[in-house]
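> What shape does this take:
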Amino acid sequence: MDNEELKENINDSIPEEELNTEEAENSNADQEIEDKNSESEKEEEEKLSPEEELKQINDKLARTFAEMENQRRRFEKEKEDAYEYGGYSFAKEALNLLDNLERSKAALENDEKLKDTEALKKILEHLNIINNDMLSIFKKNNIEPVKSINEKLDPNLHQAMMEIEDNTKEPGTIVQEIQKGFMMKDRLLRPSLVGVSKKKAKEVHKGDQKDEKN
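Down below sits the predicted model:
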């Protein structure tokens, strides 16, 4: 019996199911090898060169340092604001004391029983001393009144509460201060409440008639 006949006899003796199972296992093994090869190829493609890796590291470091610098600047700004304007809320509340002093003076001056009396003069003197002391303390802490009278209305500093007819002033000029405004350095504590000038109605009509004639 030659070799070919021996192989045929062996193959005939092996059941067909076992042959199919063996073929399937071989095909699966081949597929796994191909998958591993393709994965290794992808890894090689994705692998960066040393120069590219160094560039990525430098970029990450640059972003990290930039973020740290931004945080440092924010901290410094917050610290400066806390130092410069830490008393902002307190100062704003303290202005009520000045307002109450002004109201008290006005009420006493308008009291018919106290008018032109020595008692009223002494009380007003004491109130003025307290008022001036408070203004002096405010000034030492960089809190100063907003200039208003005879100034042009500035919406950033003044709030117009009324218009007052006055032909001697340019329209929009502040002629009355209802409540004093204050600044704390370059920040507005509160605006001045003011009355501004406007031309009298007759003058306006005359101006209109002149315009119509022209």
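> list the helices and strands the longest helix that the chain contains packs on?
The longest helix of the chain (DSSP state H) is helix 50-85. Applying 3 or more CB pairs under 8 Å, 6 or more residues apart in numbering; DSSP states H and E, we find helix 50-85 packed against no helix or strand. From N, CA and C alone the C-beta is placed, and that goes for glycine too.
> oh, and call the first residue 36 from now on, that's how I've got it
Fine by me, first position is 36 from now on; the one you just mentioned is helix 85-120.
> in it, what's buried?
Neighbour-count burial for helix 85-120, counted by 16 or more other CB atoms under 10 Å, picks out no residue.
> Next secondary structure after that helix?
Later in the chain than helix 85-120, the nearest helix or strand by DSSP states H and E is helix 123-144.
> just for the chain, where's the confidence low?
Scanning the chain with the threshold set as pLDDT under 70 gives 36-83, 116-121, 237-249.
> can we see that at 80?
Across the chain, the ranges flagged by pLDDT under 80 are 36-88, 110-122, 236-249.
> Chain neighbours aside, what residue packs nearest to L136?
Leaving aside its chain neighbours, L136 sits nearest to N166 (5.1 Å; criterion: CB to CB, 6 or more residues apart in numbering).
> So that neighbour sits against D134, correct?
No: applying CB atoms under 8 Å as the test, N166 and D134 come out as separate, 10.7 Å apart.
> need the contact list for the residue nearest to L136.
Contact partners of N166, counting by CB atoms under 8 Å, 6 or more residues apart in numbering, are 133, 136-137.
> secondary structure class for it?
Assigned state for N166: helix (three-state reduction, DSSP: H, G, I helix; E, B strand; the rest coil).
> do you know how far it is from S84?
For N166, the distance to S84 (CB to CB, to the nearest Å) stands at 78 Å.
> same thing with H193?
Taking CB to CB, one finds H193 at 67 Å from S84.
> Looking at these two, which is more packed in?
Set H193 next to S84 and count neighbours by other CB atoms under 10 Å: H193 wins out with 21 against 8.
> ok so, going back, angle of the longest helix of the chain against helix 123-144?
On the basis of axes from the mean of the first three to the mean of the last three CA atoms, to 10 degrees, helix 85-120 is oriented at 20 degrees to helix 123-144.
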